[in-house]
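> coords please:
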Amino acid sequence: MSVASESRVVRASYVLRQQFRYEYPGPIANLRHRLVVAPPEIYGDQRRAQHDLRVSPGLAVGWDYDAFGNLVATITADRVEREVQLDYEATIVRSEGPAPVLEARWLDDPHFRVPSRLTAPSLELRNAAEKLMAGDDGCGKLASAINSYVAQHMRYVPDATTVETTAAEAFAQGRGVCQDYAHVMIALCRLCDIPARYVSGHLLGEGGTHAWLEVIEPGPGAGTACVAGYDPTHDRRTTLNYVFVAAGRDYADVAPTSGQFEAPYIGRFTTSRRVDVIDRQFAA
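The predicted structure is shown next:
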């Protein structure tokens, strides 16, 4: 490992490329597809320098924001003959800076304080939350303690769960993937009266999209809130190697790709993703 790689990264630029391909045995009708892959233009110290979505064949594409402020592309078509390919590319720049600032209303928003479908707690999760709160010294370290607890309790096992697995189910079996780690920690945070939200994004060096969470805290000024990112899969706080895309109550709110169509058969789905480093600057 070089000296530079051991130093703290203070600025990083990435090119994100994602491809989604759908192939069907025959024509499909009334396609409505939702794509949540575009990072926000500005998010704290993260900036989207440019982005582009190419759709083949040339179907109608609409861009809008959801209830959580995420940028969503909707692709629609009355009929598709055999295939749809979606190619997304964005240039992302991150530099050391302040945490993203939100409106203060997110601190008390019930979406991030009460259980969602995928983060509904079990008795076992409630018991774990009680023990974590009992050990809290009141110095603002409870979220970090929960992060470490989840990292130690869970074991990373690919294909042990699905996108429908709940936090309670993943916690009971003690294994899963990044999505499950995030759901479990979110469930515990909310039980401990800490507002938390699920984040979908990318981590440099990971083979696919990555999931973590943000704890919502009082902001630097009146009427503001800010977020602190935690990655229980790796038992750490987030760094400049993380690219934020979208946030919601749980995975279901920010699934990268979802949709529906009409046909007497199902399609074949393939996807690929690549994040290349353009430039990195290290602390002196």
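
> and the helix ranked longest in the chain, what does it pack onto?
Longest helix in the chain by number of residues (criterion: DSSP state H): helix 178-191. On a contact count with 3 or more C-beta pairs under 8 Å, 6 or more residues apart in numbering; DSSP states H and E, helix 178-191 meets helix 123-134, helix 142-153, helix 167-173, strand 196-203, strand 210-218, helix 251-254. Bear in mind the C-beta positions are built from the backbone N, C-alpha and C, glycine included.

> tell me the domain boundaries of the chain?
Here the domain parsing of the chain from automatic domain parsing is 3-96+256-282, 101-254.

> Low-confidence ranges, this protein, go.
Low-confidence segments of the chain, defined by pLDDT under 70: 1-7, 206-207.

> would CSV of the helices and strands packed on helix 178-191 with mean neighbour count and distance to residue 27 be doable?
What follows is those, written out as CSV (neighbours: other C-beta atoms under 10 Å; distance: least, C-beta to C-beta, whole Å):
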stretch, mean neighbour count, distance to residue 27
helix 123-134, 14, 46
helix 142-153, 20, 46
helix 167-173, 20, 38
strand 196-203, 25, 31
strand 210-218, 23, 35
helix 251-254, 20, 29
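
> quick one: the nearest residue to residue 143 once chain neighbours are set aside from residue 134, how far?
Spatial nearest neighbour of residue 143, chain neighbours left out: residue 215 (4.8 Å); criterion: C-beta to C-beta, 6 or more residues apart in numbering. Distance from residue 215 to residue 134, counting by C-beta to C-beta, to the nearest Å: 19 Å.

> same check, this time on residue 65
Counting by C-beta to C-beta - residue 65 and residue 134 are separated by 41 Å.

> Equivalent analysis for residue 95, please.
Look at residue 95 and residue 134: by C-beta to C-beta, they are 40 Å apart.

> Repeat that for residue 18.
44 Å.

> thought residue 103 was touching residue 226?
No: using C-beta atoms under 8 Å, residue 103 makes no contact with residue 226, being 10.8 Å away.

> which one of these two has more residues nearby?
Higher neighbour count among residue 103 and residue 226: residue 226, with 20 against 12, using other C-beta atoms under 10 Å.

> Contact partners for the more buried one?
Counting by C-beta atoms under 8 Å, 6 or more residues apart in numbering, residue 226 touches 98, 99, 100, 101, 102, 216, 217, 218, 219, 220.

> That one looks like it's in a helix, true?
No: applying DSSP: H, G, I helix; E, B strand; the rest coil, one finds residue 226 to be strand, outside a helix.

> Which strand residues bridge it?
For residue 226, the beta-bridge partners are residue 101, residue 217 (DSSP bridges).

> Would you map the helices across the stretch 1-150 of the chain?
Assigned by DSSP state H, counting those that start in this stretch, the helices in the stretch 1-150 of the chain fall at 3-6, 105-108, 123-134, 142-153.

> quick revisit: would you list the buried entries among the contacts of residue 226?
99, 100, 102, 216, 217, 219 (16 or more other C-beta atoms under 10 Å).

> what residues are up against residue 174?
Contacts of residue 174 by C-beta under 8 Å, 6+ apart are 153, 154, 155.

> so how far is residue 184 from it?
Taken as C-beta to C-beta, the span from residue 174 to residue 184 is 10 Å.

> Span of stretch 31-45 from start to end?
Using C-alpha to C-alpha, to the nearest Å, the end-to-end distance of stretch 31-45 comes to 37 Å.

> Pipe the contacts of residue 174 into CSV and attach distance to residue 34 per row.
Formatted as CSV, those follow (distance: C-beta to C-beta, whole Å):
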residue, distance to residue 34
153, 33
154, 29
155, 32
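
> Could you single out the nearest of those residues to residue 281?
Of all the contacts of residue 174, the one with the least separation from residue 281 (C-beta to C-beta) is residue 154, at 34.1 Å.

> Just give the closest residue to that closest one, not the sequence neighbours.
Residue nearest to residue 154 in three dimensions, not counting chain neighbours: residue 181, with 5.5 Å by C-beta to C-beta, 6+ apart.
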